[in-house]
Each structure stands twice: as structure tokens, then as C-alpha cells.
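Q: Got a predicted structure plus its sequence, pasted below:
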Amino acid sequence: MKTSVETVSGVEKRIRVEIPAEEVSRRVEKGYTEFRKMAPMRGFRKGKAPMSMVRRVFKESVEADVAENLVRESLAEAVKENDLKVLSFPKIDGGEFTEGQEFVFTATLEVVPEVIPEGYGGIPVVREKREVMEEDVDAAINRLRESFAQFHAIEERGAGESDLVEFGFTATSDGQTVEKNESANVILGGGVPFGKEFESHLAEMRGGDGKTVEVQFEPEFPNKAYAGKKVVFEVKVNAIRERKLPDLDDEFAKNFGDITSLPDLREKVRGRLVQEAEEVARRSVEEQLRKGLLERNSLEAPRSLVDRQIVSMIEDTANRLVSQGVDLKKVNMDFDKMRERFAPNADRTVRLSLLLSAIAEKEDIDVPFSEIEAEMKEMASRGGIEYEKIRELYGDEERMDNLRNGLLDRKVMAFLLENAEVKEEVAG
């Protein structure tokens, strides 16, 4: 057998295979012999039919069977000899069977490209350091206070900013009912769900008041039932509730775990803000490294790997919607548009993955099982579940590979950062 490999592109190879006529004839004769043993022939016991009859009756079947086996076996051997990492089913050209002649065919297939990473040392990055100020801590604690806000009914005044208005309404447009609700509510100033123009008509209203409100909604309004329409609301206010924030004292601080005082809460909040700032800086630096790596290395992403990544992104989107309580049967998921939208990021993700793997191989970076085990134990600790359950979850080979690959990418990114040209800047 004679084989040659031609590079079609960075991700495609074309293999030409030539099998001598003698080998083809030998395989054909063997095929006829096997058919003679197994195939029933009227008037003859199995294996006793004349070979001339077997040739005449089973010619097409034997030749097709031999051709298929020759392609499969020789192609597998050629792939192994050339150490090709095949990603797709081959496209076969030729392979026409002619008795007494050599058997020739070509196979075009997609392969994992050979990536030789360059310029991954000394990538310039800017790491911003953000100081956590007292006003940052104040703002964070105020957000915590607002999460504990309570609303108390009031009668002595009309509705104002930040008050909760409970009301019923009927909304019509061009004489058609758009929506009817007897128990709606809105916090004035937030603009949800009918916009600030609608809310302006509720100002100063009291419990028991009624009003006709007309609102012209913009075409871009998020709720499509209202977008671009002039809507008349018949509103009946049921109650006005004033927002009350808890006192900012030690008792308030005790709502958060083992914290016993307001100063202790401030220190914990400050620590969390510092961690968040460091995490933001880390993500920014890593993105700069990814961008620099791609700018310094031009490579083509195999179509099949990009397609797999797109499918993974679509699955992640669907799973996220389900976790948010969305019924996918009621959602019109346009998969063609999703594929189009995800394609650029999928292509980038695949190219980055190939580069990081190539760097790991070149720099002898690996992830031993001890590190995988440590990561699973950390996951169990963070999730408050038993390690054995995490281990069982990652007993699946594909999931274990994904976990290992994620850890490997993390180690390569750490290596790139260690060898980067880092400039420290204080965030403005």
C-alpha cells in the first residue's frame, strides 16, 4: 500500500491511498470464498456451489464489500502512520473498483491543527488596582439596608418617590383590552413596569382614588403588548405604602451570620469589596492575555469543533433559562439565529483552547489527579455537599476531562501572567 498526505488547509488533510492490483485480487478471491461458504444457492449445499456461479451472482456484493473494507482499513492505517487527530468523517473520492487494476482513492478529512504557539512570553497587560474607599463601604451597606426595607401603609399623604402603590387597572388601546389586573403594584421612581410617565400620574394619589391615565409607549418598550401603542389606563389605587429602612446599628449588623457589631459588618463588607475588585482586575488581565495571545498567533479553528462549541453554548443558554423557571416549550428559540450569534465567540473559544493546549504541551504543564481531587474537594466544600457525591458526578469520563481541561487552562493562564509584562495602574 502506498499513501501520501497533502495539506489542504490548516485544518484539512487529503490522504491518497494506492493499493496494488495483486492485493486487490487476493482480497476479491477471499471475498468470493467467504460468500461461497455462507450464501445459500438454490440446488446446492452451502459451500458446494460452482465458483463461476458464485462470481456471477455475488459479483457486485463482493466488490462493494471489498472496496468498503479496503477504504476503512487502509485509511485507519494511514491516519495512524501520520499521527493525525481526525475530527470529522472523511469525504471519499475515487475508490472505483476495476478488476485487475490497483485500487485508488482519496480521503479529505478535518483534523486537529498542528499549533506552534509564538510570542506568548512578555505579553503586555495593565493590572488596575482599585482602592476601596469609605464611600464604597457606605454604598454597599446602604444596599444591604434597602434589601431589608419594609413598607407600611399610610393615609395622611399622597404617594411620593420610593412609595409602594398598590392598585388595580384596566389597560385599553383602540378600544381593545391590553391587560387587566386587580392587584398590581409599583415603586415610584423605578420605572417598572409601565415607565416613569405612567408613574408621574400616580403621584399624590391616595388609597381609594381613581384616575384615567393615558400613556404613549415608545416602539422600543420592552413589553411588546404595549410597545408603540397609546394606552388608556383606568386606575383604582388600593393603598399607599411608605418604605422604611432599618436603623443602621449593631442589631442590623447581626442579620449577617456571626457578625455582632456595625464596625465588624463594615470590615466584612470592606473585605468583600476588596476581593471583588481583585477578581475584576484578574478577569481583565486574563482577557488582555487572551487578546494578546490571539493577536500574536493566527490559526484556523476546525469547523467541527466550532459547531460543538456552538451546541454547548446553546445548551448552556437553555439550562440557564430552565433554572430561571422558563418553560422552554413556550419560548420560541430560533436556533439558526442563536448559531449565528454564538459563532464568533465559539470560533474564538476554540482557537484559544488550541493555543492554550499547545502552550501546555510545549512548557510541560500538566494537571495531576491530586490537583483534580483537590478541586473536587473544594467544590464540595463550597457547595456544602459530600465529596463522594462530587466524585460520583465527575465519574463520567467527559465531565472529568472537562474539569481537567478547565484546570489546565487556569494553570496556563497563570504561567502566561507570570511571564507577562505587567504594568500596575491605580483605577480612576
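A: Yes, it's here.

Q: so Glu315, which of the three states?
A: Under the three-state scheme (DSSP: H, G, I helix; E, B strand; the rest coil), Glu315 adopts helix.

Q: Counting neighbours, what do you get for it?
A: By the criterion of other Cβ atoms under 10 Å, Glu315 has 10 neighbours. (Each C-beta comes from the backbone N, C-alpha and C, glycine too.)

Q: quick one: it from Thr349, how far?
A: In this view, Glu315 and Thr349 are 14 Å apart by Cβ to Cβ, to the nearest Å.

Q: what about the helices in the protein?
A: When secondary structure is read from DSSP state H, the chain shows helices at 21-38, 51-81, 134-147, 195-202, 250-253, 262-296, 303-323, 335-362, 369-383, 387-393, 397-418.

Q: Which strands or helices does the shortest one pack on?
A: Right, helix 250-253. helix 262-296 (3 or more Cβ pairs under 8 Å, 6 or more residues apart in numbering; DSSP states H and E).

Q: neighbours around the spatially closest residue to Leu352 that is not a sequence neighbour, how many?
A: Nearest residue to Leu352, sequence neighbours excluded (Cβ to Cβ, 6 or more residues apart in numbering): Arg290, at 5.7 Å. Around Arg290 there are 19 other residues, counting by other Cβ under 10 Å.

Q: Okay, Arg290 and Val192: tell me how far apart.
A: From Arg290 to Val192 the distance is 37 Å (Cβ to Cβ).

Q: what does Phe105 give?
A: Applying Cβ to Cβ, the value for Phe105 to Val192 is 65 Å.

Q: same check, this time on Val86
A: Distance, Val86 to Val192, using Cβ to Cβ: 53 Å.

Q: Compare those two and say which one has the larger neighbour count.
A: Counted by other Cβ under 10 Å, Val86 and Val192 do not tie: Val86 has more neighbours, with 16 against 11.

Q: hang on, isn't the more buried one packed against Leu109?
A: Yes: using Cβ atoms under 8 Å, Val86 is in contact with Leu109, at 5.4 Å.

Q: Rounded mean pLDDT for the longest strand along the chain, please.
A: The single longest strand within the chain, with elements called by DSSP state E, is strand 230-244. For strand 230-244, the mean per-residue pLDDT is 96.

Q: helices and strands around that strand, which ones?
A: Counting by 3+ Cβ pairs under 8 Å, 6+ apart, strand 230-244 packs on strand 150-154, strand 164-173, strand 176-187, helix 195-202, strand 210-216.

Q: Lys244 is nearest to which of the ones you listed?
A: Nearest of those to Lys244, taken as Cβ to Cβ: strand 150-154 at 5.3 Å.

Q: Sheet partners, orientation included, of the closest one?
A: In the sheet, strand 150-154 lines up against strand 230-244 (antiparallel) (DSSP bridges).

Q: Return the distance of His125 relative to Phe415.
A: Rather than His, residue 125 is Val. Val125 sits 14 Å away from Phe415, going by Cβ to Cβ.

Q: repeat for Val274
A: Taken as Cβ to Cβ, the span from Val274 to Phe415 is 26 Å.

Q: Those two - which one has more neighbours?
A: Between Val274 and Phe415, Phe415 has the larger neighbour count (other Cβ under 10 Å), namely 17 against 14.

Q: residue contacts, the more buried one?
A: Residues in contact with Phe415, defined by Cβ atoms under 8 Å, 6 or more residues apart in numbering, are Ile359, Glu363, Ile365.

Q: could you measure the spatially most central residue of the chain against Leu407, distance?
A: Nearest residue to the geometric centre of the chain (Cα atoms, centre = their mean): Met313, 3.3 Å. Remark: distance between Met313 and Leu407 (Cβ to Cβ) = 21 Å.

Q: tally of neighbours for Asn223?
A: By other Cβ under 10 Å, neighbour count at Asn223 equals 12.

Q: meant to ask about Gly122
A: Gly122: 11 surrounding residues under other Cβ under 10 Å.

Q: In this structure it contacts Asn419, no?
A: Yes: between Gly122 and Asn419 there is a contact at 6.6 Å, judged by Cβ under 8 Å.

Q: So which helix or strand of this structure has the lowest pLDDT on average?
A: Here the helix or strand of the chain ranked lowest by mean pLDDT, DSSP states H and E is helix 21-38, holding a mean of 83.

Q: could you say what helices and strands it packs with?
A: Using 3+ Cβ pairs under 8 Å, 6+ apart, helix 21-38 is in contact with helix 51-81.

Q: buried residues in the helix it packs on?
A: Within helix 51-81, the residues that qualify as buried by neighbour count (16 or more other Cβ atoms under 10 Å) are 54, 58, 62-63, 65-67, 70-71, 74-75, 78-79.

Q: Can you tell me which of the residues you listed is closest to Asp396?
A: Nearest to Asp396 among these, with distances taken as Cβ to Cβ, is Val79, at 27.0 Å.

Q: quick one: contacts for the closest one?
A: So Val79 contacts Ile15, Val86 (Cβ under 8 Å, 6+ apart).

Q: quick one: it from Glu73, how far?
A: 11 Å.

Q: Equivalent analysis for Glu373, please.
A: Taken as Cβ to Cβ, the span from Glu373 to Glu73 is 41 Å.

Q: again, but for Val350
A: Look at Val350 and Glu73: by Cβ to Cβ, they are 31 Å apart.

Q: do Met38 as well
A: Met38 sits 21 Å away from Glu73, taking Cβ to Cβ as the criterion.

Q: do the same with Phe256
A: Counting by Cβ to Cβ, the gap from Phe256 to Glu73 is 68 Å.

Q: Lowest-confidence one in the buried residues of helix 51-81?
A: Across those, the smallest pLDDT goes to Val54, namely 69.

Q: and the residue nearest to the centre of the chain, what does it touch?
A: With contacts defined as Cβ under 8 Å, 6+ apart, Met313 is in contact with Met338, Phe342, Asn345, Ala346.

Q: neighbours of the second one, just the number please.
A: Right, the one you point to is Phe342. Neighbour count of Phe342, defined by other Cβ under 10 Å: 20.

Q: again with the last one
A: Burial of Ala346 is recorded as 22 neighbouring residues (other Cβ under 10 Å).
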